Every structure is written in C-alpha cells, then in structure tokens.
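Undergrad: here's a sequence, model it:
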Amino acid sequence: IIYIIYVCKYTFYHNEGIFLMQITKENLTIIIVTIKSKNIIDDCLKSIDPDIKKIIVENSSDQEFAEYLKAKYKNIECHLTGKNLGMGAGNNFGISKSNTRYVMILNPDTILKSDTLSKIFEISKNLEFAILSPLSDNKDYPNYKIYNKLKNNENDLFEVDQVDGYAMILDKQQFNNNFFDEKIFMYLENDDLCLRIKKRAKKIFVYSNSLISHLGAKTVDKKYFYQLELSRNWHWNWSKFYFRKKHYGFVKAFIPGFLIFFRSIFKSVYFLIVNNNFKSKLYYYRASGFMNAVLNKSSWFRPRLD
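TA: Now for the predicted structure:
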C-alpha cells in the first residue's frame, strides 16, 4: 500500500487528474504548418526520426505538394486546408487530427539535431509540464523569455515564461482543448498561448541539452518577399494591439500603438513624396493593421502567394 501511494504521488497530478508519463515515439505527433514551403521542408523532415508520426497542414490546395510528401516520407499525413488559415488556426487543425497525448509544434524552417528528441524523451519522464521546448543552438537568439528575475537558467532544465512557437511540445491534457487563439493570423499567437497557460499556473520548460536549429523567416519561398513584407507589417501591428488589449486593456494597447500609427502615416507620405513606393506602401500597411485592430476588425489581410 505504501509503495502504491508513493508511485501515485509521482505519477498522478491530483488537482486535475493528470497522469504524468514519459514522451516517446509512440505518444508524440509532430505538427508542421506550411505554405509554399517545398523549398525548405525537406531538411526539416529528414532530421526527424521516421518512426515518429508527422502531420503536415498545408495552407493551400497544393495537391502536388501533398503527394510529394506522402511518396517521400513514412508516417506522414498531409492535410490541405484550401485556404491560408495562418499559424494558430493551422496548428489547431493539426492538433485536432492528432491522436497522441503529446504534440510538437514545429516550423518547416527548423532542423533537429540527431539527439534533439531523444534528450527530450529522457528528461520528460514523470515531468509535469504544459510546454516543453528544446533550446536554440544560436546563443545570440534565445528561443525563450524569463520575466521573473528570481528564476534562473543555470540548470539544464529550467522554467521560463515564454518560448518561441517554432519548436514546442504540448501536453494536450494540460490545455482543456484550448490551444491557439484563431483570431490571430500571425505573430504573438505563441505569446498568447504561453501567457494564458502561465495564468493557470502551468509550467513551461526549456531543456538546454536538447538543441534545435532555426533558420528564421525561411518558411515561405523568398520569391514572395514583397507580399510577405506587406503582410508582416500589417499583421505585426494588428496582433500587437489585439494581444495587449486582450491581456492588459484598451488603453495600454492604444497608446503605444497610436504612436507607431502616427509615425507610420508620416513616413508613408514622406516616402511617397520621394518616390519610394515600396516603403510608402510598407508604412501604410503598418498603419492599416493598427487601425483595423482598433476598429475591432478581424485580421483579414492575406498575402498574395499565387
């Protein structure tokens, strides 16, 4: 009886009935949201153990891309959404198709080391977490943030307040089926997810012995640079206002956003006068993203990738 009590203490989270266990190849699904990513995804998929299930969510109707992936890789599903859902909704779609307890959200412009996941498997045994992430191998660009100065990252496994969304393992039982906010098309969807889970006193960990490479901004083919820059500027300002309003209130969202809006309008007019149409349009889109958020309009803008 004493032994059973001892085991239960370390394998059962009594407040919510969550059994603690270990991540394995069998209970993990990797979810990768793509759009026009054929130029980059092979290096990512080749770095993943072929025995691990993978779900690709392609935000288009590109049947040729889906057939290419299914013919080349094992244990893979490719779902075509028929439209650009964005990262948050795309990841939610992939999560809904998974039947494992753990899912790893992974960007197509990432590359795992040979032991990235084996290290994660090892450390996850009986670990209570909502989000667990490997560490970026680029020390100049850490993939986590710690706001509480009392926390430290001197141990191999350390608790953080936020991790970047390009590589994160979620324990689905910790989320009550409430994952990414689908109102956010791109930017800050992972910040929102982390903040919401921290408000519920759930834990986010980074394991420094497990490393991952992130190429950064390489998810979509560079030939779409012009449209992507317009989209990034529009959505960054829409998402910043929406995120701040959601978590901190309208005033704290409006004041810093309006200063950027005012400068963006001024710069848009200036670059139009000096005949730099691209920069003029870029700053116009910054202002437009903010104003659409203030007017409570959806994040409707989509880049043209045809």
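Undergrad: so for the helix or strand Asn92 falls within, what gets flagged as buried?
TA: Per DSSP states H and E, Asn92 falls inside helix 87-97. Within helix 87-97, the residues that count as buried by 16 or more other C-beta atoms under 10 Å are 87-95. Every C-beta, even on glycine, is put in place using the N, C-alpha and C of the backbone.
Undergrad: what of stretch 242-249?
TA: 242-246.
Undergrad: ok, and what's touching it?
TA: 181, 183-184, 188, 191-192, 195, 252-254, 256-257, 293, 299 (C-beta atoms under 8 Å, 6 or more residues apart in numbering).
Undergrad: for whichever strand or helix holds Leu272, list the C-alpha coordinates in PDB.
TA: Per DSSP H and E: Leu272 is located in helix 250-273. Extracted C-alpha coordinates of helix 250-273, given in PDB (Å, rounded to 0.1, in the frame of the first residue of the first chain):
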ATOM      1  CA  PHE A 250      -7.700  49.000 -24.400                       C
ATOM      2  CA  VAL A 251      -5.700  52.000 -23.100                       C
ATOM      3  CA  LYS A 252      -2.500  50.100 -22.700                       C
ATOM      4  CA  ALA A 253      -2.900  48.800 -26.200                       C
ATOM      5  CA  PHE A 254      -3.900  52.000 -27.800                       C
ATOM      6  CA  ILE A 255      -1.300  54.500 -26.500                       C
ATOM      7  CA  PRO A 256       1.900  52.700 -27.800                       C
ATOM      8  CA  GLY A 257       0.100  51.600 -30.900                       C
ATOM      9  CA  PHE A 258      -1.100  55.100 -31.800                       C
ATOM     10  CA  LEU A 259       2.400  56.500 -31.600                       C
ATOM     11  CA  ILE A 260       3.500  53.900 -34.200                       C
ATOM     12  CA  PHE A 261       0.400  54.600 -36.300                       C
ATOM     13  CA  PHE A 262       1.200  58.400 -36.300                       C
ATOM     14  CA  ARG A 263       4.900  57.800 -37.300                       C
ATOM     15  CA  SER A 264       3.800  55.300 -40.000                       C
ATOM     16  CA  ILE A 265       1.400  57.700 -41.600                       C
ATOM     17  CA  PHE A 266       4.100  60.400 -41.600                       C
ATOM     18  CA  LYS A 267       6.700  58.100 -43.100                       C
ATOM     19  CA  SER A 268       4.200  56.700 -45.700                       C
ATOM     20  CA  VAL A 269       3.600  60.300 -47.000                       C
ATOM     21  CA  TYR A 270       7.300  61.100 -46.900                       C
ATOM     22  CA  PHE A 271       8.400  58.100 -49.000                       C
ATOM     23  CA  LEU A 272       5.500  58.700 -51.400                       C
ATOM     24  CA  ILE A 273       6.900  62.200 -52.000                       C
END
